[in-house]
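*Asks:* Quick one, fold the following:
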Amino acid sequence: MLEFFQAWMLIFIVPFLILFIYCILLHVKLNTLSKKYKYFMDGENGVNIERKLAVELKEIREATASLDDLFARQEIIQKTQSNTFQKIGFVKYNAFENIGNDLSFALTLLDGNNNGICLSSIYGRNESRVFSKPIYHGRASVALSQEEQDSLNEALSKAVTEESMAPKEEQ
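*Replies:* Below you'll find the model as predicted:
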């Protein structure tokens, strides 16, 4: 009978020992994971990681809103800029043969849409006259002198691009 009892004890004790060792291993792993979780959730200096993530998310949303505002402002600036003088043509010349030093000139000022004015000054010994002529879409509504046309062509040849508007890097 003792032999029968010993056989039953072995059948129960061996699985019990295996389960006991398995429980100890699980307890050790759980403690390790619990420490890592606590460290991760507490973060640096005891600040909760969830709170840090919430603050970071709020900052990202604020930055996105700020960036959208900057894009809207940039679009307004670009629309306004197309109406400002951007292209300049300037030609100095002698209007009369007996007067030297190229004291007469033609100045063309154009915006981004090639609209603007052409100012010309004709210098003479006794008087000087200034004329202005409107320019619409790169063409004058009245006849231009050769010098005024040269000034207009010089202004039209100066295309404004994003690269020319970019700030130049210092070397």
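*Asks:* low pLDDT regions in the protein?
*Replies:* Along the chain, the parts satisfying pLDDT under 70 run over 1-2, 4-5, 43-47, 99-100, 159-171.
*Asks:* So residue 95 sits against residue 102, correct?
*Replies:* No - between residue 95 and residue 102 there is no contact under C-beta atoms under 8 Å: 9.3 Å. Every residue, glycine included, has its C-beta placed from N, CA and C.
*Asks:* what about the two, which has more around it?
*Replies:* residue 95 (18 against 12; other C-beta atoms under 10 Å).
*Asks:* what helix or strand does that one sit in?
*Replies:* When elements are assigned from DSSP states H and E, residue 95 belongs to no helix and no strand.
*Asks:* Could I get the contacting residues of it?
*Replies:* The contact partners of residue 95, by C-beta atoms under 8 Å, 6 or more residues apart in numbering, come to 103-104, 122-124.
*Asks:* Let's see that with 10 Å instead.
*Replies:* 102-105, 120-124, 128-129, 145, 147 (C-beta atoms under 10 Å, 6 or more residues apart in numbering).
*Asks:* Find the residues that touch each one of residue 95 and residue 102.
*Replies:* residue 123.
*Asks:* for the residue nearest to residue 102 when sequence neighbours are not counted, which residues make a bridge with it?
*Replies:* Nearest non-adjacent residue to residue 102, counting by C-beta to C-beta, 6 or more residues apart in numbering: residue 92, 4.1 Å away. Residue 92 has the following beta-bridge partners by DSSP bridges: residue 105.
*Asks:* got it, and residue 122?
*Replies:* Beta-bridge partners for residue 122, by DSSP bridges, are residue 129.
*Asks:* Just send the contacts of residue 95 back as TSV, with distance to residue 15 too.
*Replies:* Below are these laid out as TSV (distance: C-beta to C-beta, whole Å):
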residue	distance to residue 15
102	112
103	115
104	113
105	108
120	109
121	111
122	116
123	116
124	121
128	117
129	117
145	112
147	109
